[in-house]
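S.K.: What would the 3D arrangement of this be:
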Amino acid sequence: MTTAAPPRKIPGLGMLRETGKLFALGLDVARGFFQRPFQLREFIQQAWFIANVSILPTILVSVPFGAVIALHLGTLTRQLGAESFTGAVSVLAVVQQAAPVVTALIVAGAGGSAICADIGSRTIRDEIDAMEVLGVSAVQRLIVPRVLAAMLVAVLLNGVVSVVGVLGGYFFNIILGGGTPGAYLASFTLLAQLPDLWISTIKALIFGFIAGVVASYRGLNPSGGPKGVGDAVNQSVVITFLLLFFVNFILTAVYLQVVPPPGS
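M.R.: Prediction:
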């Protein structure tokens, strides 16, 4: 008798399946935003926790981030003879690009890892399965409040990074770099415009959503045991970072096509 050959595995099929499950969870979470009952207490607790672990690292990172941008751009504009544009370019770089990216990195690294560890520990203790048996949706009860909390904190921290980054750039460019305060402040409106603030807020909102969904997905699917939860935490941070830069590129490209720079 001849035995049937085992089915051949298709390369990349597992990764494609995981990607589909991640997108499916994202759709379930988005649909859960409009379902009731809303877990208000869980949302407030998670938002406070994520903000508590993220705000200090965010401020500490945004100060040198804004300083580096201001110093490099200040040197470049002086070499090009366009020193009057230093403030505008610095604000544009900090508000439109640096602020949402830094915010997402901190939220994913600090808040997202905690979300993944919490959900993962519940999964290996079979708490998620017990909730499903009792007819309680784990997505609605646990995931939705955490994702909304990550989105809210990301938007708030984005404003903090923008303010601290601009102030840090001003200090290092004017106080240490010997720039002109009047020209620095007067040039804000030359290149920067109100839609730059809106796209920064939208980016932070989307990045917070991605960080929360990826962390929750990896927490719901650990490989098994405490070690699997630790591996899931590391994977969630790495996956979030990769998706962050990819989505940031797409959003920036679309924004530049929809809202052209001033004077173009």
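S.K.: When you work out contacts or count neighbours from here on, use the C-alpha atoms and nothing else.
M.R.: Fine.
S.K.: Please enumerate the helices of the stretch 51-200 of the chain.
M.R.: 86-93, 99-106, 113-124, 127-133, 138, 144-170, 181-186, 188-191, 194-220 (DSSP state H, counting those that start in this stretch).
S.K.: Return the most buried member of those helices.
M.R.: helix 99-106 (a mean of 27; mean count of other C-alpha atoms under 10 Å).
S.K.: circling back: take the helices of the stretch 51-200 of the chain and write them to JSON lines, including distance to residue 25 and mean pLDDT.
M.R.: Output for the helices of the stretch 51-200 of the chain, formatted as JSON lines (distance: least, C-alpha to C-alpha, whole Å; pLDDT from 0 to 100):
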{"stretch": "helix 86-93", "distance to residue 25": "33", "mean pLDDT": "74"}
{"stretch": "helix 99-106", "distance to residue 25": "20", "mean pLDDT": "86"}
{"stretch": "helix 113-124", "distance to residue 25": "14", "mean pLDDT": "85"}
{"stretch": "helix 127-133", "distance to residue 25": "15", "mean pLDDT": "82"}
{"stretch": "helix 138", "distance to residue 25": "11", "mean pLDDT": "80"}
{"stretch": "helix 144-170", "distance to residue 25": "10", "mean pLDDT": "86"}
{"stretch": "helix 181-186", "distance to residue 25": "45", "mean pLDDT": "69"}
{"stretch": "helix 188-191", "distance to residue 25": "39", "mean pLDDT": "68"}
{"stretch": "helix 194-220", "distance to residue 25": "7", "mean pLDDT": "88"}
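S.K.: closest one to residue 230 among those?
M.R.: helix 113-124 (7.2 Å; C-alpha to C-alpha).
S.K.: contacting residues around the closest one?
M.R.: Helix 113-124 is contacted from outside by 128-129, 146, 212, 215-222, 224-226, 229-230, 232-234, 236-237, using C-alpha atoms under 8 Å, 6 or more residues apart in numbering.
S.K.: For the residue minimising distance to the centre of the chain, which non-adjacent residue is spatially closest?
M.R.: In the chain, the residue lying closest to the centroid (C-alpha atoms, centre = their mean) is residue 104, at 2.5 Å. The shortest distance from residue 104 to any non-neighbouring residue, by C-alpha to C-alpha, 6 or more residues apart in numbering, is to residue 207 (5.7 Å).
S.K.: Thank you kindly, that will do.
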